[in-house]
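Undergrad: Structure, please.
(2 chains, ligands or ions: 1)
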Amino acid sequence: MKKVLILGAGTAGTMAANKLVRLLDRDEWQITIVDKDETHYYQPGFLFVPFGMYTRSDVIKPRRDFLPRDVELVMASIEMIEPEHNRVRLGNGRTLSYDFLIIATGADIHPEQTPGLGEHEWGRSIHTFYSFEGALALFRHLRTWPGGRLVFNVVENPIKCPVAPLEFLMLADWFFHEKGMRDRVELIYATPLPGAFTKPIASKLLGGMLEEKGIKVVPEFMVEHVDPDARKLVAYDEQEVEYDLLVSVPLNMGAEVIGKSGLGDELNYVPVDKHTFLSNKHPNIFVLGDAAGVPASKAGSVAHFAVDTFGENFARYTEGLEMQPLFDGHANCFIESGFGKGLLIDFNYETEPLPGRYPLPGIGPFTLLEESEANHWGKLMFRWMYWNLLLKGRELPLTAHMSMAGKWLPTAAK
Amino acid sequence: MATRTIAGKTVEVNDEGFLTRPEEWTKEIAIELAKEEGIPELTEAHWKVIEFCRQDAGATGKAPTLRRITTAAGVSTKDMFALFPKGPAKKVARISGLGKPEGCV
Ligand SMILES: Cc1cc2nc3c(=O)[nH]c(=O)nc-3n(C[C@H](O)[C@H](O)[C@H](O)COP(=O)(O)OP(=O)(O)OC[C@H]3O[C@@H](n4cnc5c(N)ncnc54)[C@H](O)[C@@H]3O)c2cc1C
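TA: Reported below is the predicted structural model:
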């Protein structure tokens, strides 16, 4: 029996397990997946928790329910990966050996990396929605918050779901409007980026939307420390931003075990080929999802397209055939813009988000880079798709490769 | 691809003014690009960072991010902001004749 070992049963690991079970011959292959706990979180749903739009049962389900029966689930922390010996040491004392290793240990927030951030004011005047507990604490805080200066800060890029900060701010604008207190709330976005988003056309459009909603952007702001008592952010270039309520996306990093095992870069992401996800160093290690050091967005939709292309390549690879450069960096993100509307962006390594219609060219129903109610429903439907189709590796009505059909090129484009 | 002449040498640049062929870079070009970035004079400390970035990009094929520079070259983030104010990784990449760092996607 040949052994495939998957580390992490989150979005990417679960999808990979479901994909491989269907692709590989059960008499020849044994698939094992490891995770430290029982709970699968729907992380995109964290965005809605602070505003009371989603509760616990919307975002939490048992991992088991989404894994195929033929896959062994081992519940333990992963302590060390030893690629020279093709084995992984677990916290419960067990050692698992493998022929092929798939790393899908994701990325997580590290407030302790910024002085003053995760200290005595954490959970009081400083919050995050990048964890479930954090999102709940913020929900409780917002219920009685009297208003003031709400500052949103991203410590450093890359972060998971780079549009989530914009969504949070636009939903906050809506939320405070509904509560009849928008005039008592200042919304400020302090970001290390030169503008609202990473890609130029979308950045301009989204920047304009923020401005219309009265959300102020403080660009090129790299926070050095937080002064939790004086309630201000201090940047490396000594710029300061004061707040009454700080909502932070702390530094995102890959799993510690990646660093400990000598497999990661400075942020514990694993360098891999950006089209096949094969490790640069080890010919039997693949890395999927947020754990991969590729210049694509860290998003569930990217993980989905990645796993789709990976499955095909893995089958080829294990038969001794050459892999195809199948993954093109395809990302596809709904952006909530408040007041029951949303946007959708679709892009890849080469093409930035452009206006148009999706998935049917010219028809939609979703509008690319343009506000519509359909997009808002798309975002809410995404939760259903996530739990019912995506994780289980069912076919989605979307192709893995980005398509230019239905997109409108700017007149000045190449 | 557009070209422009910097410090007497004609080089290929992209629409954001980054050199597209790192091999066309010279120290004289770095001095000129630094001036455009608001750095009147390149000190020894600047050169140390520039040299690290050139070497690192040679090995990895891409311009290092700020975090990569601070971890691997032993320069603090604070010093990086003092040397190359506002967006240090992007600035040093341009001065070093490399592409834009991939930190933001
Ligand atoms: C607030 C927020 C909003 C988002 N919104 C969107 C969105 O709208 N659309 C979208 O597409 N994506 C969104 N995302 C991103 C998306 O959730 C992630 O990209 C996706 O979950 C990545 O999947 P993954 O499998 O790589 O990591 P994860 O799903 O995080 O899974 C990693 C798993 O590894 C396990 N693990 C890690 N280390 C160890 C260890 N040492 N031992 C044992 N187990 C370990 C963890 O327990 C976890 O289960 C959002 C994320 C956040 C935080």
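Undergrad: wait, what's in contact with the residue lying closest to B:Asn14 once chain neighbours are set aside?
TA: Residue nearest to B:Asn14 in three dimensions, not counting chain neighbours: B:Thr20, with 5.4 Å by CB to CB, 6 or more residues apart in numbering or on different chains. Heads up, the C-betas are built off the backbone N, CA and C, glycines and all. B:Thr20 sits next to B:1, B:12-14, B:99 when contact means CB atoms under 8 Å, 6 or more residues apart in numbering or on different chains.
Undergrad: run the last query once more with 10 Å
TA: The contact partners of B:Thr20, taken as CB atoms under 10 Å, 6 or more residues apart in numbering or on different chains, are B:1-3, B:11-14, B:97-99.
Undergrad: A:Asp237 now?
TA: Contact partners of A:Asp237, counting by CB under 10 Å, 6+ apart, are A:220-222, A:224, B:78, B:81-82, B:85-88.
Undergrad: how close does it sit to A:Gln30?
TA: Here the criterion is CB to CB, to the nearest Å. By it, A:Asp237 lies 54 Å from A:Gln30.
Undergrad: and the gap between the residue nearest to B:Asn14 and B:Val13?
TA: B:Thr20 sits 6 Å away from B:Val13, going by CB to CB.
Undergrad: so what sits against both of those two?
TA: Common neighbours of B:Thr20 and B:Val13, counting by CB under 10 Å, 6+ apart, are B:1-3, B:97.
Undergrad: For those residues, could you give me CSV that also reports neighbour count, distance to A:Leu90 and pLDDT?
TA: Shown next, in CSV, are the shared contacts of B:Thr20 and B:Val13 (neighbours: other CB atoms under 10 Å in any protein chain shown; distance: CB to CB, whole Å; pLDDT from 0 to 100):
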residue, neighbour count, distance to A:Leu90, pLDDT
B:Met1, 8, 52, 72
B:Ala2, 10, 55, 90
B:Thr3, 11, 57, 93
B:Gly97, 26, 47, 96
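Undergrad: Can you flag which of those residues belong to strands?
TA: Among the shared contacts of B:Thr20 and B:Val13, the members found in strands (DSSP state E) are B:2-3.
Undergrad: Pick the one among the shared contacts of B:Thr20 and B:Val13 closest to chain A.
TA: Minimum distance to chain A across the shared contacts of B:Thr20 and B:Val13 is 10.6 Å, recorded for B:Met1 (CB to the nearest CB).
Undergrad: ok, that closest one - contacts?
TA: Here B:Met1 is in contact with B:12-15, B:20-21 (criterion: CB under 10 Å, 6+ apart).
Undergrad: 8 Å instead?
TA: Counting by CB under 8 Å, 6+ apart, B:Met1 has contacts B:12-14, B:20.
Undergrad: quick revisit: export the contacts of B:Thr20 as TSV, with columns for distance to A:Glu211.
TA: Below are the contacts of B:Thr20 laid out as TSV (distance: CB to CB, whole Å):
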residue	distance to A:Glu211
B:Met1	34
B:Ala2	32
B:Thr3	37
B:Val11	37
B:Glu12	36
B:Val13	31
B:Asn14	28
B:Gly97	36
B:Leu98	33
B:Gly99	30
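Undergrad: Please identify which of these is nearest to the ligand.
TA: Closest approach between the contacts of B:Thr20 and the ligand, by CB to the nearest ligand atom: B:Gly99, at 25.5 Å.
Undergrad: What is the neighbour count of that closest one?
TA: Residues near B:Gly99, counting by other CB atoms under 10 Å in any protein chain shown, number 17.
Undergrad: Each with direction, which strands does the helix or strand hosting A:Asn252 pair with?
TA: Using DSSP states H and E, A:Asn252 maps to strand A:251-254. Note on strand A:251-254: by DSSP bridges, its sheet partners are strand A:107-110 (antiparallel).
Undergrad: Could you check the strand it pairs with against the ligand for contacts?
TA: No - Strand A:107-110 stays clear of the ligand (CB under 6 Å from any ligand atom), getting no nearer than 6.7 Å.
Undergrad: Distance from that strand to the middle of the chain?
TA: Computed by CA atoms, centre = their mean, to the nearest Å, the chain-centroid distance of strand A:107-110 equals 11 Å.
Undergrad: what does that strand rub up against?
TA: Outside strand A:107-110, the residues touching it (CB under 8 Å, 6+ apart) are A:128, A:130-131, A:160, A:249-255, A:269, A:290-291, A:298.
Undergrad: Tell me who's in contact with residue 78.
TA: In the absence of a named chain, this looks at chain A. Per CB under 8 Å, 6+ apart, neighbours of A:Ile78: A:7-8, A:34, A:36, A:88-91, A:105, A:255, A:257.
Undergrad: wrong one, I was asking about chain B
TA: If you count contacts by CB under 8 Å, 6+ apart, then B:Lys78 has A:224, A:236 around it.
Undergrad: Point out where chain B drops to low pLDDT.
TA: Residues of chain B meeting the criterion pLDDT under 70: B:103-105.
Undergrad: OK, contacts around A:Thr14?
TA: Contacts for A:Thr14 (CB under 8 Å, 6+ apart) come out as A:33, A:40, A:63, A:66-67, A:391.
Undergrad: Most neighbours among those residues, which one?
TA: Using other CB under 10 Å as the neighbour test, the contacts of A:Thr14 are led by A:Leu391, with 26 neighbours.
Undergrad: Which helix runs longest in chain A?
TA: If you go by DSSP state H, chain A has its longest helix at helix A:300-318.
Undergrad: tell me which of the contacts of A:Thr14 is nearest to A:Leu245?
TA: Set against A:Leu245, the nearest of those by CB to CB is A:His40 (30.0 Å).
Undergrad: Quick check: that closest one vs chain B, distance?
TA: 25 Å (CB to the nearest CB, to the nearest Å).
Undergrad: repeat for A:Val302
TA: A:Val302 is 10 Å from chain B, where distance means CB to the nearest CB.
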